[in-house]
Each structure stands twice: as C-alpha cells, then as structure tokens.
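Novice: Predicted coordinates and the sequence they were generated for:
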Amino acid sequence: MAATPQKPAAATPRRKVSRHRGEGQWAAGHFTPLNGNEQFKKDDDGLNVRTRIETIYSKRGFDSIDPNDLRGRMRWWGLYTQRKPGIDGGKTAILEPEELDDKYFMLRVRIDGGRLTTQQLRVIGEVSQEFARGTADITDRQNVQYHWIRIEDVPEIWNRLEAVGLSTTEACGDTPRVVLGSPVAGIAEDEIIDGTSAIDEIHRQYIGSKEFSNLPRKFKTAISGSPLLDVAHEINDVAFVGVHHPEHGPGFDLWVGGGLSTNPKIGVRLGAWVPLDEVPDVWAGVIGIFRDYGYRRLRTRARLKFLVADWGAEKFRQILQDEYLGRELVDGPAPAQPLQRWRDHVGVHRQNDGRFYVGFAPRVGRVDGTTLTKIAELAEAHGSGRVRTTVEQKMIILDVEEAQVDSLVESLEALDLTARPSSFRRGTMACTGIEYCKLAIVETKARGSQLIDELERRIPDFDEPLTININGCPNACARIQVADIGLKGQLVVNDRGEQVEGYQVHLGGALGLEAGFGRKVRGLKVTSEELPDYVERVLKRFQEEREDGERFATWAARASEEALS
C-alpha cells in the first residue's frame, strides 16, 4: 500500500536579524551615528565651523550657511538663530526650524567663574551697542547673551572680545559649557577654599580642545568653595563643592549627574574628597566617562544624569577611579547646609582684605549695553577694576573702599540697579522667552518685570526669601522645578474659552536648603493676566498659615491644594 503523501511543513518565518546598537555608547563599540546630530558631529567637528564663518558666511551672508552649520555646529561658537518676530507660541512646535529662524543670531559670551574686569565689561557693552541693538542679558549661568547679531559682524565681534581675553568658544553645543564659579572666590571672608585656579586650568587645557568637543550633549560644570553653595551645584553634570576634610583640610566634595529640563534630577555625591590641584584631572575623568559611556542614541536621554541614574554612585566612582584616574579617591564629608537662604551675594559685604563688595539686582537679568558700560565706569570711579556675574542673574562690584560704598550704592540706584532690593526684585528670574527663543511658548522677561512691580505694590511688607522663576517652555533654563514658585510657560484656556499665554505652577522647590523639586497641584494653571492675583493670593495664605520661621517651600509641601490654588 502506498504511503500517504505528507503535507509539506509550513516554512518557519525568518526573523530579521539586526545588529544591536545599544544606546550609542562609544565605550561599547557603537560608533555608528544614530541620529542627525551625531551624524553632523561625525562629519565635521563643530570647532571647525569658525573658519567657514570667517572666510565664507560672513562674506556671503546668511543664505550661504550650510543647514548643519546653521542649526548645529555654529553653536560650538556660541551662535543660535533667534526666533522670527511675530510668531506666536502656538506655532512653536508646529513650524519647521527654517520657518522659525530669523536671519539674526543670539550670541553667548562665555564668562567662566563670572569674572570680568571693568575693561572687559566695557567692551561687552560697546559690542552690544554697536552690533546687538543694545541687547545684553545676564544669564543664570554667569554669561552674557546678545541678540540681533548679523553673521557679517561675527568676526569683528570675536576680534573685539578676544582682544580683552573673552570668547564665545563652546558657549553652546555638545561641549563643556561655561564653568560656574563663586563670584566672590578669593575675597569672601567665609570662603572654605578658592577654586579659581582649577577653573583657569580646566579652561586652559580643555576648552576649545577636540578632546571633549564631541560629547553626547552639553556638559555643565560648577566649582565653588563658598559655604553659601552659590553655584547651584545640585543641578550640574559635575560639581566641586568646598568642604573641610577632618584629616586633609579644605578641598572639594564631588557631585555628578544633576540637571533639570523635562526629566529633572538632583546630582548625587560620590563620597569623594578632591584636593584643589586634582580638580582638573578629576573633571577630565568625569567628562571622559560622559564622552565614552554617554547615551548617544536618543537626544532626550543623552545627558549624564541618565547614565548616573542607571549606574548609581558606586559604579560611577569605581569606573572613574579604575579607567580614568588610575587611583583611588579619598573618602570625604558632605558639605554643610548653608546658614542663609539668599546665596546671590546681593548687598554690601566685607571682603577678607577689609574692602567691600556690592551686589546688585538688575530686573530678571535684563540689562543693555549702555547700562553695562555705565556699570564699568561706576566701578572704576569708585576705585574698582573688577566685577562679577552670578548664577542668579545678578552682578557684583568688588574691591570698594568703605568710604566709597554709600556713593556707589546711590549711583547704582540711579540706574535702577538696587543693592537693597525687595524680596520680589531679588528673587525673580526669567529665561529669554518668546521674544527671541525658538523653543519658547510665552513671554517671560517683561512678564517677570511687571510681576515684580505688582507684588511690590500689593505686598510691600513681604520680606521673606522667595524665588519666582519664569520659564517660556518646558526646558527649565530658568530652573522652575527648584524655585519656591516655578512658572512653566504654556498655552492655557481662560474663563472666556480663549487660548492665551499662561503657566503651569510648581510650588516649593529648593536648592541648598533641603534641595528638591517643586510640587505640582493637579490642574493648577494660571493665565499671564491672572498671574499677579494668583501669586499675591498664595503669598498671603503663606503669611497667614506659616509657623514660626517656616520657609515657603516647607509650607507649600504641607499646605492643602485649596490653599495653593
């Protein structure tokens, strides 16, 4: 009997095999560019664009600029295209980059440690007046930003700045950005250790070097020996915080992995004490880990904070020691909590040499070239040749003799630069906003200034330390998550059913004292028009309900949603 023919077996579907690309970590052998940013960086180092700016683009004009240079590599030299006027916030996420681009640039001047001579400040002011339509904002990273810059003028601006020792090198881009430093380094009476030499050495060795000019994303550094914790160390990629070691004396406690934006994280201590002369090497080790192990696949996960969160402090320290330093780090103590809330150095303070420094508050960091020039002149007229910028958008004049202090304070007041500001003037900070920024959804600078005036009028007796940080989009350039009152710009619907500018509210964030992120009350959003009413209402409830000596952040954490609405 013939065998029954068998039905052929169905073919097993072949699974598509693809090479695992991981997170794009170079240390794992994943060098293939996984997104457009990684591709243009591989094609040409961002530092190389300067030659094209000087020899081609500045001569042929805006329309001659290669798109990968325009929206990519030019950032390595501090240049971003600014927002075209008249485009409302509702179109920010809808339009293509070329539709948002104006034919002018924001240009960021890098000011490591916030240190300026009066000569340098005068040149910054003159460049503003001549090339930037008078614009010059002080940022919360101690820099100065111009707007309305034409590509044709960039080489001459660089010549002017570099002639007095300033630059825009790696002020933006996937690079080691400006190194924050205590603005009173070397002169404060209570300073633990002066980190200036470490900042200078990092700048000398590594800024503008191709060793670290292709990072997964930006890399932010802070170094301060002030007991006031005055450089927002908790939200930097790497920070060196002044401490006294019981056996080795003054040095720095090492922190890594801080950052805000849409996934905020407070930095973590590695438990390591670093002497001053080893700070540059340890810094190079940390940034080397970021370069080699950092995630390059998704831009949204390309900051060091994500690697630190995945590894943990123990593994990060071990790899730093074993693979980058070749030595063990010394265990060390944590920094002490600061004894005061304000850490912006505003007011009149005695220096360690018997002279004084005077810190003063521009409105939300907004100044102009004429004002900066006048500040330089005032400083020199009162015997000083040095000024500083702070991470709170403030400025300081150093080295003032006691007999000159009152005159200087009065002269600053005449420029609306007060050394005796209200809590609202002192504590309100704002990012660039929709006026110039292509990412912004709402206005910030003018809104912040108007809010200060309203609150000073409505609650003139309010004298508690308070921070109000206003951001034009979710990216947190103005540090909304760590403010007492953080305002994240977005479009909201008003009581007439209209879509208008407004803010999502974060309450009770803090740095320094019990650092942490603010609380979001469900559904709590305010229109720009309602903002003064809302802040007044919440602050008056705080005054009514607070316990003796209670900070706003502590009250906000325990208050009812009704009290915060």
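Specialist: Yes, it's here. Numbering: from 1, shown residues only.
Novice: mind listing what Thr527 touches?
Specialist: Contacts for Thr527 (CB atoms under 8 Å, 6 or more residues apart in numbering) come out as 492, 494, 500-502. The C-beta positions use only the backbone N, C-alpha and C, and glycine is treated the same way.
Novice: from the residues you listed, which two are the most distant?
Specialist: Asn494 and Glu501 (9.8 Å; CB to CB).
Novice: higher neighbour count, these two?
Specialist: Glu501 (24 against 15; other CB atoms under 10 Å).
Novice: so how far is Ser449 from the more buried one?
Specialist: Using CB to CB, to the nearest Å, one obtains 15 Å as the distance from Glu501 to Ser449.
Novice: Which secondary structure element is home to Leu107?
Specialist: If you go by DSSP states H and E, Leu107 is part of strand 101-109.
Novice: Any buried residues in that strand, and which?
Specialist: 101-102, 104-109 (16 or more other CB atoms under 10 Å).
Novice: So which other helices or strands are in contact with it?
Specialist: Packing contacts for strand 101-109, counted by 3 or more CB pairs under 8 Å, 6 or more residues apart in numbering; DSSP states H and E, involve strand 79-83, strand 144-149, helix 154-162.
Novice: Show me the contact partners of the longest one.
Specialist: Residues outside helix 154-162 that contact it (CB under 8 Å, 6+ apart): 53-54, 58, 79, 105, 107, 109, 123-124, 126-127, 131, 149, 167-168.
Novice: where exactly do the helices run in the stretch 251-400 of the chain?
Specialist: 279-293, 304-311, 313-319, 369-381 (DSSP state H, counting those that start in this stretch).
Novice: May I see those helices arranged in JSON lines, with distance to Asp153, mean pLDDT and mean neighbour count as well?
Specialist: Formatted as JSON lines, those follow (distance: least, CB to CB, whole Å; pLDDT from 0 to 100; neighbours: other CB atoms under 10 Å):
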{"stretch": "helix 279-293", "distance to Asp153": "32", "mean pLDDT": "98", "mean neighbour count": "21"}
{"stretch": "helix 304-311", "distance to Asp153": "35", "mean pLDDT": "98", "mean neighbour count": "21"}
{"stretch": "helix 313-319", "distance to Asp153": "44", "mean pLDDT": "98", "mean neighbour count": "16"}
{"stretch": "helix 369-381", "distance to Asp153": "14", "mean pLDDT": "98", "mean neighbour count": "20"}
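Novice: Please identify which of the ones you listed is closest to Pro97.
Specialist: Using CB to CB, the nearest of these to Pro97 is helix 304-311, at 25.1 Å.
Novice: Contacts for the closest one next, please.
Specialist: 219, 237-238, 256-259, 263, 265, 267-268, 286, 289-290, 293-295, 316, 319.
Novice: which intervals of this structure have sub-threshold pLDDT?
Specialist: Under the criterion pLDDT under 70, the flagged ranges of the chain are 1-21, 513.
Novice: Just give me the residue right at the centre of it.
Specialist: The chain has Arg141 as the residue nearest its centroid, 4.6 Å off, counting by CA atoms, centre = their mean.
Novice: buried stuff in the helix or strand harbouring Ala553?
Specialist: Ala553 is part of helix 552-558, with elements assigned from DSSP H and E. Neighbour-count burial for helix 552-558 flags 552-556 (criterion: 16+ other CB under 10 Å).
Novice: export these to a markdown table and tack on distance to Gly114?
Specialist: Putting these into a markdown table (distance: CB to CB, whole Å) gives the following:
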| residue | distance to Gly114 |
| --- | --- |
| Phe552 | 27 |
| Ala553 | 26 |
| Thr554 | 30 |
| Trp555 | 32 |
| Ala556 | 30 |
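Novice: And the contacts of the helix or strand harbouring Val127?
Specialist: Element membership of Val127 [criterion: DSSP H and E] is helix 118-131. Outside of helix 118-131, the residues within contact range by CB under 8 Å, 6+ apart are 109, 116, 134-136, 144, 146, 148-150, 153, 156-157, 160-161, 163-166, 368-377, 379-380, 384-387.
Novice: That helix versus helix 154-162: what angle between them?
Specialist: Helix 118-131 and helix 154-162 meet at an angle of 160 degrees, taking axes from the mean of the first three to the mean of the last three CA atoms, to 10 degrees as the criterion.
Novice: Can you name the element that comes right after helix 118-131?
Specialist: In N-to-C order, the element after helix 118-131 by DSSP H and E is strand 135-138.
Novice: what packs against that next one?
Specialist: Against strand 135-138 (3+ CB pairs under 8 Å, 6+ apart) you get helix 118-131, strand 144-149, strand 366-368, helix 369-381.
Novice: quick one: which of these is nearest Glu435?
Specialist: strand 144-149 (8.2 Å).
Novice: What strands line up against the closest one, and which way round?
Specialist: Applying DSSP bridges, strand 144-149 is found paired with strand 101-109 (antiparallel), strand 135-138 (antiparallel).
Novice: circling back to that earlier point, which parts of the helix holding Val127 are buried?
Specialist: For helix 118-131, using 16+ other CB under 10 Å, the buried residues are 118, 120-129, 131.
Novice: Make sure Glu98 is indeed in a strand.
Specialist: No: judged by DSSP: H, G, I helix; E, B strand; the rest coil, Glu98 forms no part of a strand; its state is helix.
Novice: how far away is it from Glu54?
Specialist: 24 Å.
Novice: Could you do Val154 as well?
Specialist: For Val154 relative to Glu54 (CB to CB), the value is 8 Å.
Novice: Can you pick out the residue with more neighbours from those two?
Specialist: Val154 (23 against 13).
Novice: Which residue comes closest to Val178 once chain neighbours are left out?
Specialist: Arg110 (5.0 Å; CB to CB, 6 or more residues apart in numbering).
Novice: partner residues bridging the one you found?
Specialist: For Arg110, the beta-bridge assignment (DSSP bridges) gives partners Ser167.
Novice: wait, it sits on Gly173?
Specialist: No: Arg110 lies out of contact with Gly173 (CB atoms under 8 Å); the separation is 11.6 Å.
Novice: ok, the two, which is more surrounded?
Specialist: Gly173 (27 against 22).
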